[in-house]
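Chemist: Sequence first, then the predicted structure, then my questions.
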Amino acid sequence: MKNIVFIGMMGSGKSTIAKEISKKLNVDYYDTDQMIENREGKTITEIFELYGENYFRKLEDDLVKEVSRCENSIISTGGGIVLNPENISLLKENGLIIYLENSVDDLVSRLKEESSSRPLIIKNDLHTKIDELLKQRENLYKKDADIIIENKKIDTTIEKIFNFLS
Ligand code: S3P
């Protein structure tokens, strides 16, 4: 099986859905943000605060080089993974890329509770910032995706993914 790689905005449901799919398929699951936090022994927010975004992006790029060599795995990526085109080329070599698409309103309502763990949206007006990031990135997500799935309801999205894979 090719890897299944989830891309999309913060709050799009990538980790939740990727984890669920990996459980159902009984295959390995990798979460690039989680792996960075584990290896650095710091949260993403701390990494941004202490070393800045460029440092984080370098860790992210290095990690993509590593996880893209996996097989039979489900990979959840950070929302900014598409900013470096090399990341997507590597992930595509052995992976099916699924973009989880959401409206700004849906992203905002999911992120309201947890924005403090997302450095790019801390201290910013949530709606404005998400709208701005989505405008910058939407074309990249869509261009890079093999499949685009609107994620309104997690169960329905998982069902759609399994229908696609069967
Ligand atoms: C980011 C998304 C985050 C995390 C970091 C930067 C982004 O991951 O990688 O805060 O640039 O959109 P999630 O998409 O898993 O929240």
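Modeler: Yep, that arrived.
Chemist: What helices and strands are in contact with the longest strand anywhere in the chain?
Modeler: The residue-count maximum for a strand in the chain (DSSP state E) belongs to strand 95-101. Counting contacts by 3 or more Cβ pairs under 8 Å, 6 or more residues apart in numbering; DSSP states H and E, strand 95-101 packs against strand 3-7, helix 126-144, strand 147-150. Quick note: C-beta positions are derived from backbone N, CA and C, even for glycine.
Chemist: Any part of it near the ligand?
Modeler: No. Strand 95-101 lies out of reach of the ligand by Cβ under 6 Å from any ligand atom, never closer than 10.1 Å.
Chemist: quick one: contacts of that strand?
Modeler: Defining contact as Cβ atoms under 8 Å, 6 or more residues apart in numbering, one finds that strand 95-101 is touched by 2-8, 12-14, 17, 68, 75, 88, 91, 141-142, 144-151, 157, 161.
Chemist: Just the buried residues out of the residues you listed, in PyMOL syntax.
Modeler: Selection of the buried residues among the contacts of strand 95-101 in PyMOL, burial being defined by 16 or more other Cβ atoms under 10 Å:
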select buried, resi 3+4+5+6+7+8+12+13+14+17+68+75+88+91+141+144+145+149+151+157+161
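Chemist: and the ligand, which of the contacts of strand 95-101 reach it?
Modeler: Applying Cβ under 6 Å from any ligand atom to these, those adjacent to the ligand are Lys14.
Chemist: before we move on, back to that, just put the helices and strands packed on strand 95-101 in TSV and tack on distance to Tyr30 and mean pLDDT.
Modeler: Listed next are the helices and strands packed on strand 95-101 as TSV, based on distance: least, Cβ to Cβ, whole Å; pLDDT from 0 to 100:
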stretch	distance to Tyr30	mean pLDDT
strand 3-7	9	98
helix 126-144	18	95
strand 147-150	19	96
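Chemist: so can I have JSON lines of those showing distance to Asp28?
Modeler: Conversion of the helices and strands packed on strand 95-101 to JSON lines gives the following (distance: least, Cβ to Cβ, whole Å):
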{"stretch": "strand 3-7", "distance to Asp28": "9"}
{"stretch": "helix 126-144", "distance to Asp28": "22"}
{"stretch": "strand 147-150", "distance to Asp28": "20"}
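Chemist: what's the closest of those to Asn54?
Modeler: helix 126-144 (16.9 Å; Cβ to Cβ).
Chemist: Which helix or strand contains Ile121?
Modeler: Using DSSP states H and E, Ile121 sits in no helix or strand.
Chemist: dump the residue contacts of the residue most central in space within the chain.
Modeler: Note on the chain: the residue nearest the mean C-alpha position is Thr77, at 3.3 Å, using Cα atoms, centre = their mean. Going by Cβ under 8 Å, 6+ apart, Thr77 touches Val5, Phe6, Ile7, Lys14, Thr32, Val64, Asn87, Leu91.
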